[in-house]
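Chemist: requesting a structural model of the entry that follows:
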Amino acid sequence: MLPWKRVLRPLAALLLTAAAVTVPATTAQAAAAPSAGWNDYSCKPSAAHPRPVVLVHGTLGNSVDNWLGLAPYLKVRGYCVFSLDYGQLEGVPFFHGLGPVERSAGQLKEFVDKVLAATGAAETDVVGHSQGGMMPRWYLRFLGGAAKVNALVGIAPSNHGTTLSGFTSLLPYFPGAADLLAKNTPALADQVVGSDFLERLNAGGDTVPGVRYTVIATKYDEVVTPWRSQYLSGPDVRNVLLQDLCPLDLSEHVAIGLLDRIAFHEVANALDPGRARPTTCASAFE
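Modeler: Coordinates of the predicted model:
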């Protein structure tokens, strides 16, 4: 029998998804609060940080809530920081990243072009959490993004899909469940291990030339599982396990993207490897 923890975590994720896609629009009309200190289109990149940073939220996230920790962290360090909403479903406020991943990559393409036009930069760096660390790879490979992105940093990215702690293996035992998932929340179906989308994304290798890749994972991830599936293979790839940097770090899938300053420190290192400093437990206090 599976331990209760392994059962309850994926069930909680499923319930959260169900809540997101069934909330009537009339009960949640307010838009996400404006970002504070980022998405400033008058920002001009400095000589020290010549590339704007585009933040890509995860499934069920949005352009504000997902980045209340990392965006200010990067802004105070002198970066021009921008974030987008993508993968919206009609009538579903706040909870984004649910539409087809391929379509979301097109939204990212348009947003990057907008940021580059506003800042005058030739390239950007992209940092994404969960789906947001995987989806840009479609943009890089198929939509011309490799010419406009210097580095991709994935925080707990779903690069090779997820078993959701083994929960997705139960889908065949519930007739129609997989079809229902694909119809109502396409991004969730796209991220299941072995999906058609992932087969196409990863065919021919994980990376494209000219882009630096960093993956930051936690061994306590209960959403993108097994956590080693987040890693990429190929040239110009650095795979990092958070607990190798700080064995005391207990962050799981959500915390690593929302509030873990050890992970944030490693993001900063990936964005500016020439000025990188060792990431340790003490990085949480910097």
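
Chemist: in stretch 104-121, what's buried?
Modeler: S104, A105, Q107, L108, K109, F111, V112, V115, L116, A118, T119, A121 (16 or more other CB atoms under 10 Å). Any C-beta I mention is one placed from the backbone N, CA and C, and that applies to glycine too.

Chemist: what is the nearest of the residues you listed to G210?
Modeler: Ranked by distance to G210 (CB to CB), the buried residues of stretch 104-121 are led by V112 at 15.0 Å.

Chemist: got the contact list for the closest one?
Modeler: V54, T124, V126, Y139, G145, K148, V149 (CB atoms under 8 Å, 6 or more residues apart in numbering).

Chemist: doesn't P247 belong to a strand?
Modeler: No: P247: not assigned to a strand; according to DSSP: H, G, I helix; E, B strand; the rest coil it is coil.

Chemist: count of residues packed around it?
Modeler: Using other CB atoms under 10 Å, the number of residues around P247 comes to 9.

Chemist: what distance do you get for it to T218?
Modeler: In this view, P247 and T218 are 12 Å apart by CB to CB, to the nearest Å.

Chemist: quick one: end-to-end distance for stretch 38-58.
Modeler: End-to-end distance for stretch 38-58, by CA to CA, to the nearest Å: 18 Å.

Chemist: now the strands for the stretch 101-250 of the chain?
Modeler: Ranges of strands in the stretch 101-250 of the chain, per DSSP state E, counting those that start in this stretch, are 124-129, 149-155, 212-217, 237-241.

Chemist: can I get those in CSV with mean pLDDT?
Modeler: CSV is the format used below for the strands of the stretch 101-250 of the chain (pLDDT from 0 to 100):
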stretch, mean pLDDT
strand 124-129, 98
strand 149-155, 98
strand 212-217, 98
strand 237-241, 98
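
Chemist: with mean neighbour count added, can I get those strands in TSV?
Modeler: Shown next, in TSV, are the strands of the stretch 101-250 of the chain (neighbours: other CB atoms under 10 Å):
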stretch	mean neighbour count
strand 124-129	27
strand 149-155	26
strand 212-217	25
strand 237-241	17
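
Chemist: got JSON lines for those strands, with distance to L98 too?
Modeler: Below are these laid out as JSON lines (distance: least, CB to CB, whole Å):
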{"stretch": "strand 124-129", "distance to L98": "15"}
{"stretch": "strand 149-155", "distance to L98": "19"}
{"stretch": "strand 212-217", "distance to L98": "23"}
{"stretch": "strand 237-241", "distance to L98": "28"}
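
Chemist: between these, which gets nearest to L188?
Modeler: Of all those, strand 124-129 comes closest under CB to CB, at 15.8 Å.

Chemist: what angle separates that closest one from strand 212-217?
Modeler: 20 degrees (axes from the mean of the first three to the mean of the last three CA atoms, to 10 degrees).

Chemist: start the count at 52, not 1, going forward
Modeler: Right, with 52 as the first residue, what we last looked at is strand 175-180.

Chemist: how distant is strand 175-180 from the center of its chain?
Modeler: Using CA atoms, centre = their mean, to the nearest Å, the mean C-alpha position of strand 175-180 is found 8 Å from that of the whole chain.

Chemist: tell me what angle it forms with strand 200-206.
Modeler: Using the same axes, to 10 degrees: strand 175-180 against strand 200-206 is 10 degrees.

Chemist: give me the contact list for strand 175-180.
Modeler: 102-109, 112, 117, 121, 159, 163, 166-167, 184-187, 199-208, 307-308, 318, 322.

Chemist: re the thing from before, the buried residues of stretch 155-172 in helices, which ones?
Modeler: Counting by DSSP state H, the buried residues of stretch 155-172 place S155, A156, Q158, L159, K160, F162, V163, V166, L167, A169, T170 in helices.

Chemist: including pLDDT, could those residues go into TSV?
Modeler: Putting those into TSV (pLDDT from 0 to 100) gives the following:
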residue	pLDDT
S155	98
A156	98
Q158	98
L159	98
K160	98
F162	98
V163	98
V166	98
L167	98
A169	98
T170	98
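
Chemist: next, count neighbours for the nearest residue to F162 once chain neighbours are set aside.
Modeler: Distances taken as CB to CB, 6 or more residues apart in numbering put L135 closest to F162, at 4.3 Å, once the chain neighbours are dropped. When neighbours are counted by other CB under 10 Å, L135 registers 21.

Chemist: now V127
Modeler: Residues near V127, counting by other CB under 10 Å, number 9.

Chemist: A strand includes I313, no?
Modeler: No: the assignment for I313, made by three-state DSSP, is helix rather than a strand.
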